[in-house]
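J.: I'll drop the sequence and a predicted model, then ask my questions.
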Amino acid sequence: MPLFGRRKKQTEVAEQPEPEAPRLPDPPAPSINGLRSMQDHRDYLLSLVEPLPPFGQNLIEAQGLSLCEDIVSHIDLPGFDNSAMDGYAVRCADVAEAAEDNPVDLPVVGEIAAGDGDLPPLAAGTVVKIMTGAPVPDGAEAVIPYEGTNRGSETVRIFAPGQPGLNIRRRGEDVTAGTLLLNEGDLVAPRNVGLMAGVGIDKVLARPRPRVVVISTGSELVQPGNPLTGGGQIYDSNSYLLAAAAKAAGAQVYRVGLVSDDPDEIKQTISDQLVRADLLVSSGGVSQGDYDLVKSVLPELGLTDFTEVAMQPGKPQGFGLIGEHPDDRVPMIMVPGNPVSAFVSFEAFVRPVIRKLMGVEPYVRPSERAFATKAIRSVKGKLQLARGIVTADAGGRRTVELVGGHGSHLMGDLARANALVLLGPETEVVPAGQPVAVWMLADG
């Protein structure tokens, strides 16, 4: 039964020759042993998506988003001279001679709390009790903290002098009206949220979080928490892995229930999800097997490009622009079903697309350098993305050691790794002590 009623009843027509499946335009040519390079494939995907249009976001929702406007303060911050301490506002001449052995006694003529207004000026020879954040009255030149007094209520004894400006926060000393606070393209951090709220801003123009729908296909999959009842069943880990990675990258994530190896169910599920997706991500069904059905049914739903990329793991890859109308098509990235392949493919292709949809550069994780603690062997002909553990040696230099084997199903090794080690197609061995490129797998 259609979830959102998007499936349409097929009209019976006379049998026609099967048309050629629609393909995306101008895919990059193979460049490495008949395979597409990882960079070419990533660049191709990025060329087919555009940043999402911005709209007004409240400050809390804008955290982590990319601004599409400059943010300028229209007020001073602080907006008035205020006290930095609990104490007594004084005129400096009245306490100029105050000392531990020569205290000055002055009458307390009032009390000012944070939020008070319409204050009378401070007369010579008097003081006023004042709280932190409270406005400083005209005539007051310094605030003597409680620690420098006997904390009197009607008359206070003061044991220290006050210099002009002591413990007073001046109007505009933090931000003046007209100050540029944030630039278009900046990411909104929690500290920025506080600053904008402090100058009275409640909404900003920013690109929204992409709505990413994650789908796992395979009749062998079982929802975690349920028992495995068949010998060939496995728990669905990929949808959780990819959904968590997409959320860490900044997306709003929807994880769809398991989809069996049934062509109609696959097509219906994808069609149903288009209404709430800015990006679809599926795992499984893109290789050459009899049950790799995503690859066979996707051309019926839009323009597609299935290819083999010169990388290991993650060789089979798919991409599509899915939907009936050219102006309303949703990008879909299809990654292999083995967990490590799925994660490596996410880092190589899905994460950059999410970041472009958000308008957040750089789209690709920066390539950093670490030194091999042991010789690292690789296989020529493909870019190897090996799992590694990066640490710092005694001198603070980053070092890396591979973790686990080359199997694309080894989730335990993936969980232990904090980096992907990039070994070029021409590399056979990296001697111990030599540098290699790594992607650090920080969250986000």
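T.: Yep, that arrived. Residues are numbered from 1 along each chain as shown.
J.: residues contacting residue 79?
T.: If you count contacts by Cβ atoms under 8 Å, 6 or more residues apart in numbering, residue 79 has them with residue 171. C-betas here are computed from N, CA, C, even on glycine.
J.: that one belongs to a helix?
T.: No. When DSSP: H, G, I helix; E, B strand; the rest coil is applied, residue 79 is found to be coil, with no helix at that position.
J.: and it, its phi and psi?
T.: For residue 79, the backbone dihedrals are phi -80, psi -10 (criterion: degrees, to the nearest 10).
J.: what about it, distance to residue 73?
T.: In this structure, residue 79 and residue 73 are separated by 11 Å, where distance is defined by Cβ to Cβ, to the nearest Å.
J.: what's the answer for residue 192, then?
T.: 12 Å.
J.: shared neighbours, those two?
T.: Common neighbours of residue 192 and residue 73 (criterion: Cβ under 8 Å, 6+ apart): residue 181.
J.: now residue 265, what's its secondary structure?
T.: Using three-state DSSP, the three-state assignment for residue 265 comes out as helix.
J.: near residue 130, how many other residues are there?
T.: The burial metric for residue 130, expressed as a neighbour count using other Cβ atoms under 10 Å, is 31.
J.: meant to ask about residue 325
T.: Residue 325 is surrounded by 6 other residues when neighbours are defined as other Cβ under 10 Å.
J.: now swap in residue 393 and tell me
T.: 10.
J.: mind checking pLDDT for it?
T.: The confidence metric pLDDT takes the value 87 at residue 393.
J.: and if you look at the one 4 residues further on?
T.: On pLDDT, residue 397 comes in at 94.
J.: who touches it in this structure?
T.: Contact partners of residue 397, counting by Cβ under 8 Å, 6+ apart, are residue 371.
J.: kindly recompute the last result at 10 Å.
T.: For residue 397, the contacting residues are 369, 370, 371, 391, 435, taking Cβ atoms under 10 Å, 6 or more residues apart in numbering as the criterion.
J.: okay, among those, which ones form the most distant pair?
T.: Checked with Cβ to Cβ, the contacts of residue 397 reach their widest spread between 391 and 435, with 14.9 Å between them.
J.: hang on, the earlier thing: give me the common contacts of residue 79 and residue 73.
T.: In terms of Cβ under 10 Å, 6+ apart, residue 79 and residue 73 are both contacted by the residues 172, 175, 177, 198, 199, 200.
J.: which of the residues you listed fall in helices?
T.: Counted as lying in helices by DSSP state H, out of those, are residue 198.
J.: next, format the shared contacts of residue 79 and residue 73 as CSV and append pLDDT.
T.: Formatted as CSV, the entries for the shared contacts of residue 79 and residue 73 read as follows, by pLDDT from 0 to 100:
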residue, pLDDT
172, 98
175, 98
177, 98
198, 96
199, 97
200, 97
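J.: quick one: which of the shared contacts of residue 79 and residue 73 has the most company?
T.: Each of the shared contacts of residue 79 and residue 73 was scored for neighbours by other Cβ under 10 Å, and residue 199 scores highest at 19 neighbours.
J.: excluding its backbone neighbours, what's nearest residue 428?
T.: Setting aside the residues directly before and after it, residue 428 is nearest to residue 380 in space (Cβ to Cβ, 6 or more residues apart in numbering), at 5.6 Å.
J.: you'd agree the one you found is up against residue 33?
T.: Yes. With the criterion set as Cβ atoms under 10 Å, residue 380 and residue 33 qualify as a contacting pair; they are 9.2 Å apart.
J.: shared neighbours, these two?
T.: Common contact partners of residue 380 and residue 33 (Cβ under 10 Å, 6+ apart): residue 425.
J.: for the stretch 1-150 of the chain, what spans make up the helices?
T.: 38-47, 59-62 (DSSP state H, counting those that start in this stretch).
J.: where in the stretch 251-400 of the chain is pLDDT low?
T.: 288-292 (pLDDT under 70).
J.: and residue 298, that one's in a strand?
T.: No. Counting by three-state DSSP, residue 298 is not found in a strand; it is helix.
J.: my guess is it contacts residue 306. True?
T.: Yes. When contacts are counted by Cβ under 10 Å, residue 298 is listed as touching residue 306 (8.0 Å).
J.: and the two? which has more neighbours close in?
T.: residue 298 (26 against 22).
J.: picking that back up, now, of the contacts of residue 397, which are buried?
T.: 370, 371 (16 or more other Cβ atoms under 10 Å).
J.: so which of the contacts of residue 397 are in helices?
T.: Applying DSSP H to the contacts of residue 397, no entry is found in helices.
J.: residue 268 - how many residues pack around it?
T.: For residue 268, the neighbour count with other Cβ under 10 Å is 17.
J.: please report how far it lies from residue 286.
T.: Distance, residue 268 to residue 286, by Cβ to Cβ: 19 Å.
J.: just residue 85 next, same as before
T.: When distance is defined by Cβ to Cβ, residue 85 is 65 Å away from residue 286.
J.: which of these two has more neighbours?
T.: A count of neighbours by other Cβ under 10 Å puts residue 286 above the other of residue 85 and residue 286, at 28 against 19.
J.: is the more buried one in a helix, a strand, or coil?
T.: For residue 286, the secondary structure call by three-state DSSP comes out as coil.
J.: correct me if wrong: it contacts residue 318.
T.: Yes. Checked against Cβ under 10 Å, the pair residue 286 and residue 318 is within contact range at 4.5 Å.
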